[in-house]
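J.: Quick one, what's the 3D model for this:
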Amino acid sequence: MSRVRGIWRRLPKTGVRLFFDVKPVFIKAYGGRRWTSQAKLVLAKQQPTRGKFYLLLAYNVVTGHRHWAFMEGKATPFVCQFMRLMRRRYEGQAVWVGLDQDRAHPCISRETRRVMRQLKLRYVSLPKASPDDNPVETLFSDLQLMVLDNSNDLDAHTTKRRISRYLKAKNRCKDRWVKIPYLPNSKSN
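T.: Numbers count the residues shown, from 1 in each chain. Alright, predicted model coming up:
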């Protein structure tokens, strides 16, 4: 974590600090989590899914904005495609990306590492088995609670629209920042 704090302090004012992660989204009735006070479950525990996609999400620590894309997978090609989107969004700026140690991320995947070097994106890997260090996990929890657990969408397209609408609304909120305890001077909501 000292490396992350060091990058935070030394990055130029025009530099961008992003955190990134991927979440699989399964479309089920009420997110597969709706229960009742009755002894019998309203929904079966093993529900058939109505679709599946992956939400790739980046969080800008300075502005509090969320950037997202929906992809068919979370493998290296999809991560590289998302990183290209981030480079286009922050063209000409120094960009540091904090991410965990998934298989498709640059600490393990040579292809992702090569693409990030080519795009001039720098990365810092977060410690293993510490999901709470990535503020994107907080955003995923919030999204799960506020959107997915209360949905009964029939298809993936509808769920994607609802997620996009929610994230756009959060980008416009004044309290959009996620508190990151190990980074000094990070904004809090």
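J.: from here on, contacts and neighbour counts on C-alpha atoms
T.: Noted.
J.: my guess is Thr14 contacts Ala94, does it?
T.: Yes - the criterion here is CA atoms under 8 Å, and Thr14 meets it with Ala94 at 7.2 Å.
J.: could you list every residue that touches His157?
T.: Neighbouring residues of His157 by CA atoms under 8 Å, 6 or more residues apart in numbering: there are none.
J.: Helix or strand: which one has it?
T.: Using DSSP states H and E, His157 sits within helix 156-172.
J.: Tell me the buried residues in that helix?
T.: Of all the residues in helix 156-172, those buried under the rule 16 or more other CA atoms under 10 Å are 156, 159-160, 162-164, 167, 170-171.
J.: Turn the residues you listed into CSV, including distance to Val4 and pLDDT.
T.: Shown next, in CSV, are these (distance: CA to CA, whole Å; pLDDT from 0 to 100):
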residue, distance to Val4, pLDDT
Ala156, 36, 93
Thr159, 34, 94
Lys160, 32, 96
Arg162, 33, 94
Ile163, 29, 96
Ser164, 29, 97
Leu167, 26, 97
Lys170, 25, 94
Asn171, 24, 95
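J.: Just the closest of the residues you listed to Leu18, please.
T.: Using CA to CA, Asn171 comes nearest to Leu18 of the buried residues of helix 156-172, at 14.7 Å.
J.: roughly how far apart are the spatially closest residue to the closest one that is not a sequence neighbour and Ser130?
T.: Distances taken as CA to CA, 6 or more residues apart in numbering put His65 closest to Asn171, at 5.2 Å, once the chain neighbours are dropped. Computed as CA to CA, to the nearest Å, the His65 to Ser130 distance reads 23 Å.
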